[in-house]
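take a look and give me a structure for this.
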Amino acid sequence: MTTDTNHIERFIAAPFIKEIGRGVKGARSMTRADARALYAAMLEGRVSDLELGAILLAMRIKGESVDELAGFMDAAEASFAPLPTPRGEFAPVAIPTYNGARKLANLTPLLALLLAREGVPTLVHGVRTDPGRVTTAEILHALGMPEATTAAEVQNEFAHLRPAFMPIEHLAPRLAHMLSLRRVLGVRNSTHTLVKILQPFDGPALRLVSYTHPEYLETLGGFFTGVDSEKESDMRGDAFLMRGTEGETVAHPHRAQRIDWFHAGQRALLVERDAPTDELSEVPDGRDVATTAAWIGAALRGDVPVPASITTQVAYCVEVSRKIRARSQSLA
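Here you go, the predicted structure:
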């Protein structure tokens, strides 16, 4: 590497692009080691803009293999400092929020607030805004919840039984930059999957993970039962995987989605998918920020009922969060 601090060593990405850029049928997946090396170089700014665009689009077309996700995640988690795990009865719960809502009201803030009220340290991480969508950050702001920009501020919110919202720019700045390239290319990239499966704590936690496309059910299932379990799963914690409500990891207000629970390489069906019904839960009249925030406030006061599917989701999160903490204490 050159000793000139104004320059960094350039990563030659062409050999990787040659393999992953052959289209859906012709492309070959990278090994975990190669994927880690490539994504680390991307995060460090050692890949040219031309090559970076080619990589992101090639992976968008090809789709990530389990080993590629593992390698990307190895590099991603090495790129930021993890948050300290809070003490107490419960392991923290991480709720990624990178989609927002276009049709239904975004009730992710309700899920987070209900968990925090039970004493569960609840971290919400994601984007502040998304054109055409109502984000969790906007609703939390309307409810008077501040952003957390440091680990100390996250811990302070936990201590006051409030969920902590940390923008991805503060949690993992290099990943935030990769996400921002969506505005340049017009499509999402592999980083949007990585931030949804991120374990941002230095100790065991429960991750709530959603998927939008059916093929990701098996890919992420393979990741959690295989690769993720290799990383001393008792130290990483567990994961719940469900079909997203408009991409958000909150139960659909009108019917329960299937939720799979992953722990120590095992997969268990936690919640069955409800059959279609004409009986709908009470939901906000609109999806705008003010209406949604007001309705969530009413639900927290008990003035309107919390949808049964969300109540069930909260109960399982509380139960498993407690189990994760008990396991970690038994290993200490």
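
need the helix or strand of this protein with the lowest average pLDDT.
Scoring the helices and strands of the chain by mean pLDDT, DSSP states H and E places helix 228-230 at the bottom, with a mean of 63.

state the pLDDT value of the one residue sitting closest to the centre of the chain.
By CA atoms, centre = their mean, the chain has its centre lying nearest to Lys196, at 2.3 Å. At Lys196, the model reports a pLDDT of 96.

burial check on the nearest residue to it once chain neighbours are set aside, number of neighbours?
Using CB to CB, 6 or more residues apart in numbering and skipping the chain neighbours, the partner closest in space to Lys196 is Pro96 (4.7 Å). Where you see a C-beta, it was placed from the backbone N, CA and C, and this is true even at glycine. Counted with other CB atoms under 10 Å, residues neighbouring Pro96 total 27.

any idea which element Pro96 lies in?
strand 93-97 (DSSP states H and E).

so where's this structure uncertain?
The chain contains residues with pLDDT under 70 at 1-7, 228-234, 275-278, 332.

try 50 this time
Scanning the chain for pLDDT under 50 picks out the ranges 1-5.

could you pull out the strands for it?
93-97, 122-126, 164-167, 205-211, 237-243, 259-263, 266-271 (DSSP state E).

go ahead and name everything in contact with the fifth one.
Read that as strand 237-243. When contacts are defined by CB atoms under 8 Å, 6 or more residues apart in numbering, strand 237-243 is touched by residues 91, 197, 199, 201, 203-212, 217, 220-221, 224, 228, 249, 251, 257-263, 270-271, 316-317, 320, 324.

same question, the shortest one
When contacts are defined by CB under 8 Å, 6+ apart, strand 164-167 is touched by residues 112, 121-128, 136-137, 140, 145-149, 153-154, 157-158, 176.

from those residues, list just the buried residues.
112, 121-127, 136-137, 140, 145, 147-148, 154, 157-158, 176 (16 or more other CB atoms under 10 Å).

where is the longest helix in this structure?
helix 308-331 (DSSP state H).

name the residues of that one that are buried.
Quick answer for helix 308-331 (16+ other CB under 10 Å): 309-310, 313-314, 316-318, 320-325, 327-328.

alpha carbons of it, as PDB, please.
This file holds the C-alpha atoms of helix 308-331, laid out as PDB (Å, rounded to 0.1, in the frame of the first residue of the first chain):
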ATOM      1  CA  ALA A 308     -54.500  -8.800  18.000                       C
ATOM      2  CA  SER A 309     -51.700  -9.800  15.600                       C
ATOM      3  CA  ILE A 310     -49.500  -7.100  17.000                       C
ATOM      4  CA  THR A 311     -50.300  -8.000  20.600                       C
ATOM      5  CA  THR A 312     -49.300 -11.600  19.800                       C
ATOM      6  CA  GLN A 313     -46.000 -10.400  18.200                       C
ATOM      7  CA  VAL A 314     -45.200  -8.300  21.300                       C
ATOM      8  CA  ALA A 315     -45.900 -11.200  23.600                       C
ATOM      9  CA  TYR A 316     -43.500 -13.500  21.700                       C
ATOM     10  CA  CYS A 317     -40.800 -10.800  21.500                       C
ATOM     11  CA  VAL A 318     -41.000 -10.300  25.300                       C
ATOM     12  CA  GLU A 319     -40.900 -14.100  25.900                       C
ATOM     13  CA  VAL A 320     -37.900 -14.800  23.700                       C
ATOM     14  CA  SER A 321     -36.000 -11.700  24.700                       C
ATOM     15  CA  ARG A 322     -36.300 -12.900  28.300                       C
ATOM     16  CA  LYS A 323     -35.100 -16.400  27.300                       C
ATOM     17  CA  ILE A 324     -32.100 -15.000  25.400                       C
ATOM     18  CA  ARG A 325     -31.000 -13.000  28.400                       C
ATOM     19  CA  ALA A 326     -31.400 -16.000  30.700                       C
ATOM     20  CA  ARG A 327     -29.300 -18.200  28.300                       C
ATOM     21  CA  SER A 328     -26.500 -15.600  28.200                       C
ATOM     22  CA  GLN A 329     -26.400 -15.200  32.000                       C
ATOM     23  CA  SER A 330     -26.200 -19.000  32.300                       C
ATOM     24  CA  LEU A 331     -23.100 -19.000  30.000                       C
END
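
against which helices or strands is that helix packed?
With contacts defined as 3 or more CB pairs under 8 Å, 6 or more residues apart in numbering; DSSP states H and E, the packing partners of helix 308-331 are helix 108-117, strand 205-211, helix 233-236, strand 237-243, strand 259-263, strand 266-271.

in CSV: these, plus distance to Ile296.
Shown next, in CSV, are the helices and strands packed on helix 308-331 (distance: least, CB to CB, whole Å):
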stretch, distance to Ile296
helix 108-117, 5
strand 205-211, 18
helix 233-236, 31
strand 237-243, 20
strand 259-263, 22
strand 266-271, 22
